[in-house]
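> sequence first, predicted coordinates after that:
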Amino acid sequence: MTTPDSGAQHGTVTELDRVTIRFAGDSGDGMQLTGSQFTATTALFGNDVSTLPDYPAEIRAPAGSLPGVSGFQISFSSGDIHTPGDRPDVLVAMNPAALKVNLGDLVPGGAIIVNTDAFNDINLRKAGFTEDPLKNQSLQGYNLYEIPMSTMVAGACEGLGLSSKQVELTKNFFALGVMFWLYERSMAGTEKWIAEKFAGKDAIAEANRRALHAGYAFGETTEIFHTHYRVAAAHLPPGTYRNITGNEATALGFVMASKLAERDLFLASYPITPASDILHQLSSYKHLGIKTVQSEDEIAAIGAAVGAAYGGAMGMTTTSGPGMALKAEMLGLAVMVELPLVVVDVQRAGPSTGMPTKTEQGDLLMSMFGRNSDSPIPVIAPATPAECFTMAIEAWRIALHHMTPVVFLSDAFLATGAEPWSIPNVADLPSIKVENAPASDKPGFRPYQRDPETLARPWAVPGTPGLEHRIGGLEKLDELGTVSYDPDNHHRMNLLRAEKVARVARDIPPTEIYGEATGDLLILGWGSTYGSIRSAVERLQSRGKRVSHAHLRYLNPLPTDLEAMLKNFKHVLMPELNAGQLRMLIRAKYLVDAVGFNLVRGKPFQIGEIEAKAESILGESVEAAK
Amino acid sequence: MTQSELPVLTKKDFESDQDVRWCPGCGDYSILAQTQKTMPTFGVAKEKIVFISGIGCSGRLPYYMNTYGFHTIHGRAATIATGLKAARPDLMVWVITGDGDALSIGGNHLIHAMRRNVDMKMIMFNNRIYGLTKGQASPTSPIGKKTKSTPLGTIETPIIPLNLVAAAEASFIARSVDTHSEHLQEMMQRAGEHSGAAFLEVLQNCNIFNDGAWRDFTDKSVKEDRMLVLKHGEPMIFGAEKNKGIRLNGLRPEVVTIGENGVSVADLWVHDETDPDATRTQILSRMWWPDFPVPVGVFRRVPRPTHDQLLVEQIDGAKAARAAKGPVDLQKLLASGETWTVE
């Protein structure tokens, strides 16, 4: 058996800095698995990686149909990268529908690797091809590699006593084997995964292993590939790394927050794409003392979180846009009773059910204002999958220290996308602990007597002798906390609630700027657009443009250093995957004529798109100066 | 803390300093008084007791109790109680709700709190009307009921609350009447002593918007003949003369007179609160005046592990299983899966 380490390779080797591959096939073809296996191996090899899973909301749309196409894009590099790549260099298409859906994204001259066995009349018809694209000239501008994958795996798996259907299911590992050969990757990680996944199912494990090796050997021995590629390991900062998705990092961040606060974590959640994985992961941590409840609905989930918070636990809930809409009234209650609470909204394309598996940044204004009356809540947003970890801790730090609900805005791209994560040293993470109000033997406890610095009220948890008191959704008399309809008191309490949240701005790190502090153009972003914006700014700067990038993690309250920063640039460009929600806030607050770049296609910005938009602003600026 | 170490508390200890603001003559006054009288009987420290309510006239009750209290939002008290009890199994959690709060806007939470057997004691004030919003039909208003929102009479079949919670696997089900103070106290006490989800329906009079909703059978002058006081292990006998009873003919209850047509006490249905099968609970819950006397008392009381107990058991089990493999190392948890080191 030849392995990548044996050095026995045919053909030439081409060195590349960066490659973007898209695996595409039917929802049942295992493309997400193939992609994540390639990612794990590539990350372990030492490349910087960024991924974009793209799958339909239907669990199994009709086989071979266009809506049933599932894709997984990975970009890997010998340098620092921030995005899963604008357009794939290589497309692995397991059937005609996958080819049809993805061909338009492929770079001109890119490579297409197809499973020719799937290009039969039925599948071609389902994909809407009137003639076989492999046989006419339509793919002429690309490097087409035709491999009868189903036939190949059937041969490889002979004698295992498996049905032809079972054997057919292994063809994704064949494709993976081909890609491993093509990019000089080791099969060891995937072989280990197969052994663990199919433990006790020897024939299935063997079939997948054989398919993987058959693909690898096919690349090595056939003459269809004239070259294979080498993408050297990246020079990442020193540290121990793992590959991590945003949802994984979010869940681990909450575990760590609980540890750093020395307080029990309680999660109540209702299943919803793309947030459910956080519920799954935290539910598997019973041994860490984490309590989880799968609630009967979205309202019950946040209700239980508020109840747990009232009891002194770190009560939280996870959801996506439609669930967030349902939680509005309970969030208002949390604002009124001033209890710490974290609500995770993994945003997806809307309105309504929208496109549940596709990304968007459409819930910012709902998080800010989507409650009756003036109801201020801090809102924060991680910028990358790995950053979900630190921002999850931040969410809790703010909630606990300021006695307020906090909204954590992730999105589908962050949640399911992955990147290498430099694992922090647990011992280095600072405490976020707060104390409960102490027992008292004096009458007259004041549940709304505030900390003079933060304006946080005391956390007086049931079970504490002497602090028996009543709270609720009715307006509270300042300090005493009894029900009050006094007009001036209501006005004062409204101001206090606003000021309490505003003071969170004193407690957040300064806004970083990438590039010069003054210039022609500041690109201001938030959330998962980070990678695309940063890459675009790197390119613009390398061409000598006076462009800088600032990326907001704290959306409410906005950082106090932002205003000066905005006013140091001639132009401000704000790319958002919505109709301009943060831009509306920025323009209103700072009277800055920020320009929007807004696309809602359910997918991240391409670097080139942002670059082009920036160029057009800079160009107009030059024109105007003439 | 054992019971003997607690100071002896009285009703007064459970009265808050807030003025009670229900309409004069409201049945809620009696329910509040019985609640305050019952609390000292549990031997639970006052700071360990929490009253959680939703919205409606009933929702104000926590303000009048000198315990921990949380007046939440419409229909959702059970959700907050679920989270509180899960986080804090040491607390005694009461939920105060009404027919609109629990059965209409909060209907989903009610059935799930019951099936989960959340260790909460829910008292539902049933006055068959929306009082706080000034008189609209509720889910328990009888068909044909004319209200501001149903000027020609409701066209909707009412919910039978106890039938609903029996279907939802409630482990404790009881009914009492606001003005029957001793019976109400007894029911509260028994609800409080139950481990698990307890549901107590209190037939309560709204003298402003639905006066006399239950008068036909709760009035002192007729209640002996028109109500059936359930007693565990005893035959179902009622009537001023104690000569009427309920006989079960298959699954069909019948009113019979003892000593007539050869009927003796031995023929009567003997009440069993602990019957694991809720079928008979449901039959009882559907008995209604004028076809039957209206039953009050404990309909059902069955032991079942509570939600918080099972949750803690799972956690303890998982911790023990994990401890066998060595201490939990969060650094290792963060590094789960494949890792690589860059020098």
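Structure's in. What do you need? Numbering: from 1, shown residues only, chains lettered A, B, ... in the order given.

> so A:Glu248 makes contact with A:Ser284?
No - counting by C-beta atoms under 8 Å, A:Glu248 stays clear of A:Ser284, with 11.5 Å between them. In this view, the C-beta of every residue, glycine as well, is placed from N, C-alpha and C.

> who touches the residue nearest the centre of chain A in this structure?
Most central in chain A under C-alpha atoms, centre = their mean is A:Leu414, positioned 0.9 Å from the mean C-alpha point. Neighbour list for A:Leu414: A:246, A:346, A:359, A:382, A:384-385, A:388, A:527-528 [criterion: C-beta atoms under 8 Å, 6 or more residues apart in numbering or on different chains].

> hmm, 6 Å instead?
By C-beta atoms under 6 Å, 6 or more residues apart in numbering or on different chains, A:Leu414 lies in contact with A:246, A:385, A:528.

> returning to what we had before: which of A:Glu248 and A:Ser284 has more residues huddled nearby?
The neighbour comparison of A:Glu248 against A:Ser284 (other C-beta atoms under 10 Å in any protein chain shown) goes to A:Glu248, with 24 against 13.

> identify the residue spatially nearest to the more buried one, adjacent ones excluded.
Counting by C-beta to C-beta, 6 or more residues apart in numbering or on different chains, A:Gln281 is the residue found nearest to A:Glu248 once chain neighbours are left out, at 6.5 Å.

> list phi and psi for A:Phe408.
Here is the backbone geometry of A:Phe408 (degrees, to the nearest 10): phi -110, psi 110.

> should've said A:Ser75
Torsion angles, degrees, to the nearest 10, at A:Ser75: phi -120, psi 130.

> counting neighbours, what do you get for it?
Neighbour number of A:Ser75 under other C-beta under 10 Å is 25.

> the one 4 residues further on now?
A:Gly79 is flanked by 13 other residues according to other C-beta under 10 Å.

> return only those of the contacts of A:Leu414 found close to chain B.
Here nothing survives when the contacts of A:Leu414 are matched to chain B using C-beta under 6 Å from any C-beta of the partner chain.

> my read is that A:Lys327 contacts A:Gly303, right?
No - if you go by C-beta atoms under 6 Å, A:Lys327 and A:Gly303 don't touch, sitting 8.9 Å apart.

> compare neighbour counts for those two and give me the winner.
Set A:Lys327 next to A:Gly303 and count neighbours by other C-beta under 10 Å: A:Gly303 wins out with 34 against 26.

> pretty sure A:Val407 sits against A:Val379.
Yes - look at A:Val407 against A:Val379 with C-beta under 6 Å: they come within range, at 4.6 Å.

> overlap in contacts of the two?
In terms of C-beta under 6 Å, 6+ apart, A:Val407 and A:Val379 are both contacted by the residues A:Ser367.

> please parse chain A into its domains.
Using automatic domain parsing, the domain parsing of chain A gives A:4-231, A:242-428, A:513-625.

> of these, which is nearest B:Tyr29?
domain A:242-428 (26.9 Å; C-beta to C-beta).

> first-to-last residue distance for that closest one?
With C-alpha to C-alpha, to the nearest Å applied, domain A:242-428 spans 18 Å between its terminal residues.

> run the chain-centre distance for it.
Relative to its chain's centre, domain A:242-428 lies at 13 Å (C-alpha atoms, centre = their mean, to the nearest Å).

> cool, and stretch B:99-109?
For stretch B:99-109, the gap between its own C-alpha mean and the chain's C-alpha mean amounts to 13 Å (C-alpha atoms, centre = their mean).

> let's see which of the contacts of A:Leu414 end up in helices.
A:Gly246 (DSSP state H).

> can you select the buried ones from the contacts of A:Leu414 in ChimeraX?
A single ChimeraX command is used to select the members of the contacts of A:Leu414 judged buried by 16 or more other C-beta atoms under 10 Å in any protein chain shown:
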select /A:246,385,528
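
> would you list the contacts of A:Leu414 in CSV and tack on pLDDT and distance to A:Leu169?
Converted to CSV, the contacts of A:Leu414 look like this (pLDDT from 0 to 100; distance: C-beta to C-beta, whole Å):
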residue, pLDDT, distance to A:Leu169
A:Gly246, 97, 29
A:Pro385, 97, 29
A:Ser528, 97, 33
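
> now the closest residue to A:Arg470 other than its chain neighbours: phi and psi?
Spatial nearest neighbour of A:Arg470, excluding adjacent residues (C-beta to C-beta, 6+ apart): B:Gly69 at 3.8 Å. Note on B:Gly69: its backbone torsions stand at phi -150, psi 150 [degrees, to the nearest 10].

> just the one 5 residues further on next, same as before
Reported as degrees, to the nearest 10, the phi and psi values for B:His74 are phi -60, psi 120.

> please tell me the pLDDT value assigned to it.
pLDDT recorded at B:His74 is 98.

> could you look up the SS state of A:Trp421?
On the three-state scheme (DSSP: H, G, I helix; E, B strand; the rest coil), A:Trp421 is labelled strand.

> quick one: neighbours of it, just the number.
For A:Trp421, the count of nearby residues is 26 (other C-beta under 10 Å).

> was I right about it contacting A:Glu387?
No - applying C-beta under 6 Å as the test, A:Trp421 and A:Glu387 come out as separate, 9.0 Å apart.

> could you find the closest non-adjacent residue to A:Leu552?
Distances taken as C-beta to C-beta, 6+ apart place A:Trp526 nearest to A:Leu552, at 4.4 Å, with adjacent residues excluded.

> hmm, that neighbour is touching A:Ala381, no?
Yes - in terms of C-beta under 6 Å, A:Trp526 counts as a neighbour of A:Ala381; the distance is 5.3 Å.

> those two: which has the busier surroundings?
In this view A:Trp526 and A:Ala381 are compared by other C-beta under 10 Å, and A:Ala381 has more residues nearby, 29 against 26.

> so that one makes contact with A:Gly525?
No - if you go by C-beta under 6 Å, A:Ala381 and A:Gly525 don't touch, sitting 9.9 Å apart.

> circling back: contact partners for the residue nearest to A:Arg470?
Applying C-beta under 6 Å, 6+ apart to B:Gly69 gives the contacts A:470, B:51, B:62.

> mind redoing it with 8 Å?
Applying C-beta under 8 Å, 6+ apart, we find B:Gly69 in contact with A:469-472, B:50-53, B:62-63.

> show me where the stretch 301-450 of chain A has its helices.
Assigned by DSSP state H, counting those that start in this stretch, the helices in the stretch 301-450 of chain A fall at A:321-326, A:328-337, A:364-369, A:387-402, A:412-416.

> hey, C-alpha coordinates of stretch A:106-126 in CSV?
Presented in CSV, the C-alpha positions along stretch A:106-126 are these (Å, rounded to 0.1, in the frame of the first residue of the first chain):
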residue,chain,number,x,y,z
LEU,A,106,-16.5,27.6,-10.2
VAL,A,107,-13.5,29.7,-11.3
PRO,A,108,-12.9,29.8,-15.0
GLY,A,109,-10.6,26.9,-15.9
GLY,A,110,-11.3,25.2,-12.6
ALA,A,111,-11.4,21.5,-12.1
ILE,A,112,-14.5,19.4,-12.1
ILE,A,113,-14.4,15.8,-10.8
VAL,A,114,-17.6,13.9,-11.5
ASN,A,115,-19.1,10.6,-10.8
THR,A,116,-19.9,9.6,-14.3
ASP,A,117,-22.1,6.7,-13.1
ALA,A,118,-24.6,9.2,-11.8
PHE,A,119,-24.9,10.8,-15.2
ASN,A,120,-27.8,8.6,-16.4
ASP,A,121,-30.9,9.7,-18.2
ILE,A,122,-33.1,9.9,-15.1
ASN,A,123,-30.6,12.0,-13.1
LEU,A,124,-29.9,14.3,-16.1
ARG,A,125,-33.7,14.9,-16.5
LYS,A,126,-34.1,15.6,-12.8
